[in-house]
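Participant: pasting the sequence and the predicted coordinates here, then a few questions.
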Amino acid sequence: MSFDRYAAICQPLHYAAIMKQQLCTHLVIAAWILGFTLSSYHLVLLSKLTFCGPNKIYHFFCDNSPLFKLSCSDTSLLWKADSVLLSFVVLGSLCLILVSYMCIFHCILHMPSASGRKKAFATCSSHLTALAIVYGSCIVLYARPSEEVSLETNRIVALLNTV
């Protein structure tokens, strides 16, 4: 979406040439393949866990932290895999989005018309709000060490992320 906003605001006359159906299809397919591949790897690691204690997860869905706390096997590899996935997927995509929005803000600030700047900021504000909620909650959920995460805080942030 940030690339779409970049093309619409910074390259308005070239928008139709840039955002063709084929490019959109390729971006969606790439996102699905990357998400499926990384999730499959993580699922394989999760399937190797053993559980010997209570079997109730006090959470809205089967998230990593509560599942790791129920396991009686070593979860250090899974915590490391989560850290790598967080760094690669969440922080990597966040960096790309931030670079895109820096270019957008640069273009907006150099617009001669005040009404044009206001319209461009209004176009981006809803997307930036959604990004702040999603990325903020993901970072709060997965960037902290396991000892600092309380399940109640995890549940509230996970609910915010889901909504």
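Facilitator: Ah, there it is.
Participant: any weak-confidence spans in the protein?
Facilitator: By pLDDT under 70, the low-scoring segments of the chain are 60-62, 143-149, 151.
Participant: please name the nearest non-neighbouring residue to residue 3.
Facilitator: Closest residue in space to residue 3, ignoring its immediate chain neighbours: residue 100 at 6.0 Å, by CB to CB, 6 or more residues apart in numbering. (Each C-beta comes from the backbone N, C-alpha and C, glycine too.)
Participant: now that neighbour, what's its secondary structure?
Facilitator: helix (DSSP: H, G, I helix; E, B strand; the rest coil).
Participant: and it, what is it in contact with?
Facilitator: 2-3, 5-6 (CB atoms under 8 Å, 6 or more residues apart in numbering).
Participant: do that again at 10 Å, thanks
Facilitator: For residue 100, the contact set (CB atoms under 10 Å, 6 or more residues apart in numbering) comprises 1-7, 10.
Participant: could you dump stretch 95-114 to PDB, C-alpha only?
Facilitator: Output in PDB follows, covering the C-alpha atoms of stretch 95-114 (Å, rounded to 0.1, in the frame of the first residue of the first chain):
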ATOM      1  CA  CYS A  95      11.800  -0.200   7.000                       C
ATOM      2  CA  LEU A  96      10.600  -0.400   3.400                       C
ATOM      3  CA  ILE A  97       7.400   1.300   4.300                       C
ATOM      4  CA  LEU A  98       9.100   4.000   6.200                       C
ATOM      5  CA  VAL A  99      11.500   4.700   3.300                       C
ATOM      6  CA  SER A 100       8.500   4.900   1.000                       C
ATOM      7  CA  TYR A 101       6.700   7.300   3.300                       C
ATOM      8  CA  MET A 102       9.800   9.500   3.700                       C
ATOM      9  CA  CYS A 103       9.800   9.900  -0.100                       C
ATOM     10  CA  ILE A 104       6.100  10.700   0.000                       C
ATOM     11  CA  PHE A 105       6.500  13.300   2.700                       C
ATOM     12  CA  HIS A 106       9.400  14.800   0.800                       C
ATOM     13  CA  CYS A 107       7.100  15.100  -2.300                       C
ATOM     14  CA  ILE A 108       4.200  16.500  -0.200                       C
ATOM     15  CA  LEU A 109       6.300  19.200   1.500                       C
ATOM     16  CA  HIS A 110       7.500  20.400  -1.900                       C
ATOM     17  CA  MET A 111       3.900  20.700  -3.300                       C
ATOM     18  CA  PRO A 112       3.100  24.300  -4.200                       C
ATOM     19  CA  SER A 113      -0.600  24.100  -3.200                       C
ATOM     20  CA  ALA A 114      -1.700  24.000   0.500                       C
END
